[in-house]
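# Would you be able to build a 3D model of this:
(one chain, ligands or ions: 2)
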Amino acid sequence: MKFNCLRCGQCCKWHGYVRLSEKEADDIANFLGMELADFFENMIILTADRRGISLVENEDGSCPFYVDSSPPGCKIYECRPSQCRDFPHKWHNPGKTCPGLRKS
Ligand code: SF4
Ligand code: SF4
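Ligands and ions are numbered 1, 2, ... in the order given. Down below sits the predicted model:
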């Protein structure tokens, strides 16, 4: 299936975990110039099964790194977690098809 991101931001505004590894958390903290301890305290939660970590989310479910301004996009695009890199090629939310995917 062909893909062309329309930068609509839909995928960054869903409730749900944005899982990441500790190495990815370290990379993002470095990218943002934040102390790792501060990054974990303010931007990271433990997943409910306590087996992993996720980015926090805003009340409306959006990712705190998504910016709606012009041009819209991910503030940490260069070091976004692999879960984000894998979308929509390796996974997508049923019922919420990425508008950038086309059959032909
Ligand atoms: S939902 Fe699809 S088209 Fe929209 S920003 Fe995400 S990847 Fe791009
Ligand atoms: S880290 Fe970036 S790509 Fe991933 S959900 Fe947040 S804004 Fe979207």
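
# Residue 58 falls within a helix, correct?
No: the assignment for residue 58, made by DSSP: H, G, I helix; E, B strand; the rest coil, is coil rather than a helix.

# That one and residue 64: what is the separation?
Distance of residue 58 to residue 64, given as CB to CB, to the nearest Å: 6 Å. Just so you know, the C-beta spots here come from the backbone N, C-alpha and C atoms, and that holds for glycine as well.

# Settle it for me: which of those two has more neighbours?
Neighbours per residue (other CB atoms under 10 Å) separate residue 58 from residue 64, with residue 64 holding more: 15 against 11.

# wait, is the more buried one part of a helix?
No: looking at residue 64 with three-state DSSP, it is coil, so not inside a helix.

# If I follow the layout properly, it ends up in contact with residue 55?
Yes: contact criterion CB atoms under 8 Å: residue 64 and residue 55 qualify, at 7.1 Å.

# between the two, what contacts are shared?
Listed as contacting both residue 64 and residue 55 by CB atoms under 8 Å, 6 or more residues apart in numbering are residue 43.

# which parts of the chain sit against ligand 1?
Applying CB under 6 Å from any ligand atom, we find that the chain lies next to ligand 1 at 5-11, 87-88, 98-100.
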